[in-house]
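*Asks:* Whatever this is, show me its structure:
(2 chains)
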Amino acid sequence: MPHAVDVRIRNDVSDIVILRDTLDHLAREFGIPQRALTQLQVALDEVASNVIKYSWDDGGPHEFLVRIIVQPDRVDLELFDDGREFDPVTALPPTQPAAGQRPRPGGLGIHLIKQLVDRFAYERIDGRNHTTLSKTCEVGTAVQRSEE
Amino acid sequence: MNALSIGQTRAGNVCIVTLTGRIDSTSASDVMAELTRLISSGEKSILVDLGAVLYLTSAAFRALLVATNEAERRAAKLALCNLAGHVRELFEMGGLLDVFAIHNSRDEALKQLAGPHA
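*Replies:* Prediction:
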């Protein structure tokens, strides 16, 4: 401990499966509690799909790095991409619909992330976006069900 | 592992769609496609059972919102049931519990959807 795993994926939403499976694997190996794991999976999907959708607008193939760090008292998710500058932490929340109206689809992801993790930070370093999410949890105490 | 599966059964005039697994950005489009297909095919009462869903993300909420709007446009009803544990918590976090027609159980939902004229 800590244990870090680097995963490099394409800006293709189907590659999110690789992140999901890596996090599942780490949860089983290190005993990340189920509730924290579920919340991390949702947050990871939101933040990675955000990078895929918004970081590049040239339609071309790109790759970005996701680092998952398992600590005794928390799990950190770090994303590094060389797309356009975007700070999700200060992004405006979805606009509230008028009374009796349904919210417009979309725009919820960042709102969810802020409630799911204990720390959500952004920095622009050397022309790259660096987004960090941390979830506090007692790693190693959970008895993981063996699946499949 | 635990990818999404979509099942379908019928109870009277209600089409029940059972979702199992995770509804995330890789699978939400399948949910949207299936629900909009059912609405386009003329289904007037659709019940989405979320009891076996592990978790869902904003992409899933978007799919459910689009399908609900589409149902309304075509004078159809779309309801959700069996939101438990993490799933209910995520609806709460998204401020979405009041946005959909949500029922505690399948039975309760079927009574409501079947309506007085059933």
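
*Asks:* what's the residue closest to the geometric middle of the chain?
*Replies:* Since no chain was named, I'll use chain A. Compute the mean C-alpha point of chain A, and by Cα atoms, centre = their mean the closest residue is A:Leu44, 2.3 Å away.

*Asks:* meant chain B, my bad for not saying
*Replies:* Geometric centre of chain B, nearest residue: B:Val48, 3.0 Å, by Cα atoms, centre = their mean.

*Asks:* Wait, a strand at that residue?
*Replies:* Yes: the assignment for B:Val48 by DSSP: H, G, I helix; E, B strand; the rest coil puts it in a strand.

*Asks:* Spell out which residues of chain B are next to chain A.
*Replies:* B:1-2, B:22, B:24-26, B:54-59, B:61-62, B:65-66, B:68-69, B:86, B:90, B:93-96, B:99 (Cβ under 8 Å from any Cβ of the partner chain). C-beta: built from backbone N, CA, C; applies to glycine.

*Asks:* Helix or strand: which one has the residue nearest to the centre of chain A?
*Replies:* helix A:34-54 (DSSP states H and E).

*Asks:* just to revisit the earlier point, and the residues of chain B next to chain A, which are buried?
*Replies:* B:22, B:24-26, B:54-59, B:61-62, B:65-66, B:68, B:86, B:90, B:93-94, B:96, B:99 (16 or more other Cβ atoms under 10 Å in any protein chain shown).

*Asks:* Please narrow the residues you listed to those residing in helices.
*Replies:* Those of those mapping onto helices are B:58-59, B:61-62, B:65-66, B:68, B:86, B:90, B:93, per DSSP state H.

*Asks:* Of those, which pair is most distant in space?
*Replies:* B:Val66 and B:His86 (22.6 Å; Cβ to Cβ).

*Asks:* in the sheet, who's paired with the nearest residue to A:Val5 once chain neighbours are set aside?
*Replies:* If the residues on either side of it in the chain are set aside, A:Val5 comes closest to A:Ile68, at 5.0 Å by Cβ to Cβ, 6 or more residues apart in numbering or on different chains. Beta-bridge partners recorded for A:Ile68 (DSSP bridges): A:Val5, A:Leu77.

*Asks:* tell me the contacts of A:Ile68?
*Replies:* A:4-5, A:7, A:19, A:22-23, A:26, A:75-78 (Cβ atoms under 8 Å, 6 or more residues apart in numbering or on different chains).
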